[in-house]
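K.L.:
one predicted model, sequence on top.
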Amino acid sequence: MSDDAIAISDLSFRWPGSQTSLQIKQWRLAAGRRCYLHGPSGSGKTTLLNLLCGLLLPEAGEIRIAGQCLNRMRAQQRDVFRADHIGVIFQQFNLLAHLTVRENITLPLTFSPARRARAEKNGSRVEALLKALELPVSIADSPVSALSTGQQQRIAVARALIGDPALIIADEPTSALDDDARERFLALLFAQVEASGSSLLFVSHDRRLRPHFDEVVALADLREGA
Amino acid sequence: MNLLSLGWKSAARRRASLLLAALSIAISVCLILSIDNVRQQVKDGFMNTVSGTDIIAGARGGSLNLLLYSVFHIGDATSNLSRQAYEKVAALPEVDWALPLVLGDSHKGYRVVGSSAAFFTHFHYGRNQALAFREGGPFTEPRTAVLGAEVARTLGYQSGDEIILTHGLVAAGFADHAADPFRVTGILQATGTPIDRAVLVPVAGLDAIHGVMPGSDISVSGVTAVLIGLKNRVMTFRLQRQLNEEISEPMTAIIPGATLAELWRLLGRGEKILFGVAALVFLAALAGVVTTLLATLNERRREMALLRAVGAKARHVLVLYVFESAWVSMLGALIGVVLYYAAQWLFAPWLTQQFGVLVEIRGLSAGQWLILAGVVGAGLLSGLVPGWLAYRRSLQDGLQIKY
């Protein structure tokens, strides 16, 4: 089934010199679905994200993103693939302080001509994204340092979404936000993910957010033998 | 936006520390170029202490010794050439001009050099430059003298002043020719050669004062050395051999350029030490650049992880670092060259006045271009160290954003 946003089978990964390994027998996330992934600290969430982004390679097994097998690619191909098909939102400090809002949002296009072409075709331009994320269009060419954390996280969303990548990976993006900002952030994120047709993998500790998602997955359940 | 403009904008944020790194390279570049220049000019100056003179002849002895006393006025001749020998040499058909040099007297520690008035036309130094007068003109009568620049400056003489010569090299003493003062007719401009420290008088004047010294058996019966200019320089070696084989009176003849080169080989070790010091200064500056870039490793760790997350390849991280060290060292080299010329322009007149060192402002030599290329190349390579560390780290960090 090549339509799946994520398809993992018989995955096995171990950090060099480490006893514990991450093993996932089977996991699929269908395209367009919003998945909530949770697990205690140190359970391997970040490792899984690195594997999904192609920054780490599994010892065995297969990882497919949008139908393409990551572990058959060379490192550079994986980098290009990531630029083309994956948008990442971090917990905080998402933006480069020496760039303007516009430069931060278009950063992935620097490394992906394909995504740039897509962004231009779909008209997902910076101004449209800012408007959709309820940010003033006037900030497009100002430095990011003056913005609030909530605004910075929304700009990170715009950066992840520009050029409509197949998969958005968000690593605890709301943990630095207060309650009101969190609700608003989530609503805007969902609206944009839906509009672009991307799938969303959302890693969080915050149980209150669960009801908003299509799927809720505990990493412990994914791991074999757990 | 491309990778390099990304790197540029990132650098703009850290410009203070990067400019300091560039400045430390600039200072060492300036220092290396200056040392190289001084080294070259000192060597050139040394090799051109005398120019236009084809052969120097003196009584039989060592050739280095002859060079030292005739050109540098250091030490003494063991014996003189006879007046007849001088006249015989001067009359040889190959000889265009011959300047007698009579040494032995001094004035307040400065050597007195007796010669003929033709000295001021034929004695050249540097790139075939003639002696120039700061004031006055050549000596005319027997009891007149021309002072080198340093003599006049240190002792505060002007044209028209009268000076007393001393027999031998004692600064002052019983052997003063006190009854026979010499009138200063002119003062030479600084040349950066031993002439600056010489008192030039006509041979006739020396003959006169020595002739009248009461109770002395010394009379100037000959000359200490002869500077010879040839009609045709092709004859140089033949005449040198001819003079060396002269049997009527034992003689040593040298070609100044060859003997100067021989002397430089003995003295020139200092130049290698100077250059070694300059190279060490540069290494220190380079270490400064590496340190500056290494210090940014942590600062830029998040930046690199972010770039990786949005699709940058691991080698882009390396490129960003090398790009930075490359432009920092290029900027440093550029500022260094500007400083180098500014320093020369500022200090050249002062160096000439104070030390009699002529600093000629020249374009960059091939060697200096090579130094600059080496600086930029080494700077570029120095970016590889932090670049490689950042590259390794970005592979390990993956999506972990550390700060």
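P.N.:
Nice, I can see it.

K.L.:
my guess is residue B:36 contacts residue B:367, does it?
P.N.:
Yes: the pair residue B:36 / residue B:367 is scored as a contact, 6.5 Å apart, by Cβ atoms under 8 Å. In this view, the C-beta of every residue, glycine as well, is placed from N, C-alpha and C.

K.L.:
the two - which one has more neighbours?
P.N.:
residue B:36 (20 against 12; other Cβ atoms under 10 Å in any protein chain shown).

K.L.:
so how far is chain A from the closest residue to the more buried one other than its chain neighbours?
P.N.:
In space, and not counting its chain neighbours, residue B:36 is closest to residue B:368: 5.9 Å by Cβ to Cβ, 6 or more residues apart in numbering or on different chains. Remark: distance between residue B:368 and chain A (Cβ to the nearest Cβ, to the nearest Å) = 36 Å.

K.L.:
neighbouring contacts of the helix or strand containing residue B:368?
P.N.:
When elements are defined using DSSP states H and E, residue B:368 is found to belong to helix B:366-382. Applying Cβ atoms under 8 Å, 6 or more residues apart in numbering or on different chains, the contact partners of helix B:366-382 are B:25, B:29, B:32-33, B:36-37, B:282, B:286, B:289-290, B:293, B:322, B:325-326, B:328-330, B:332-333, B:336-337, B:364.

K.L.:
can you list the buried residues in whatever helix or strand comes next after that helix?
P.N.:
Using DSSP H and E, the helix or strand that directly follows helix B:366-382 along the chain is helix B:384-397. By neighbour count on 16 or more other Cβ atoms under 10 Å in any protein chain shown, the buried set for helix B:384-397 is B:385, B:386, B:387, B:389, B:390, B:391, B:393, B:394, B:397.

K.L.:
how about stretch B:61-70?
P.N.:
B:63, B:65, B:66, B:67, B:68, B:69, B:70.

K.L.:
keeping just the C-alphas, turn the helix or strand where the fourth one lies into PDB.
P.N.:
With the criterion set as DSSP H and E, the secondary-structure element containing residue B:67 is helix B:63-70. Once side chains and other backbone atoms are set aside, the C-alpha atoms of helix B:63-70 remain, and they are given as PDB (Å, rounded to 0.1, in the frame of the first residue of the first chain):
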ATOM      1  CA  SER B  63      89.100  39.900   0.100                       C
ATOM      2  CA  LEU B  64      86.500  40.200   2.900                       C
ATOM      3  CA  ASN B  65      88.800  42.400   4.800                       C
ATOM      4  CA  LEU B  66      89.300  44.600   1.800                       C
ATOM      5  CA  LEU B  67      85.600  44.900   1.400                       C
ATOM      6  CA  LEU B  68      85.000  45.700   5.100                       C
ATOM      7  CA  TYR B  69      87.500  48.500   5.300                       C
ATOM      8  CA  SER B  70      87.000  50.000   1.900                       C
END
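
K.L.:
counting contacts, what elements does that helix pack onto?
P.N.:
Where contact means 3 or more Cβ pairs under 8 Å, 6 or more residues apart in numbering or on different chains; DSSP states H and E, helix B:63-70 is packed against strand B:55-59, strand B:225-230, strand B:251-254, helix B:256-267.

K.L.:
so what does the third one touch, helix or strand wise?
P.N.:
If I follow you right, that is strand B:251-254. strand B:55-59, helix B:63-70, helix B:236-244.

K.L.:
now the longest one: average pLDDT?
P.N.:
What helix B:236-244 shows for mean pLDDT is 90.

K.L.:
now what about that helix, what contacts it?
P.N.:
Counting by Cβ under 8 Å, 6+ apart, B:54-55, B:57, B:89, B:92, B:94-95, B:228, B:230, B:251-255 sit against helix B:236-244.

K.L.:
mind putting the residues you listed in a markdown table, pLDDT, neighbour count and distance to residue A:176 included?
P.N.:
Shown next, in a markdown table, are the contacts of helix B:236-244 (pLDDT from 0 to 100; neighbours: other Cβ atoms under 10 Å in any protein chain shown; distance: Cβ to Cβ, whole Å):
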| residue | pLDDT | neighbour count | distance to residue A:176 |
| --- | --- | --- | --- |
| B:54 | 92 | 22 | 87 |
| B:55 | 92 | 23 | 90 |
| B:57 | 92 | 25 | 93 |
| B:89 | 88 | 24 | 98 |
| B:92 | 90 | 15 | 100 |
| B:94 | 90 | 16 | 96 |
| B:95 | 91 | 18 | 96 |
| B:228 | 93 | 25 | 92 |
| B:230 | 91 | 18 | 91 |
| B:251 | 90 | 21 | 97 |
| B:252 | 92 | 20 | 92 |
| B:253 | 92 | 23 | 92 |
| B:254 | 92 | 25 | 86 |
| B:255 | 93 | 18 | 85 |
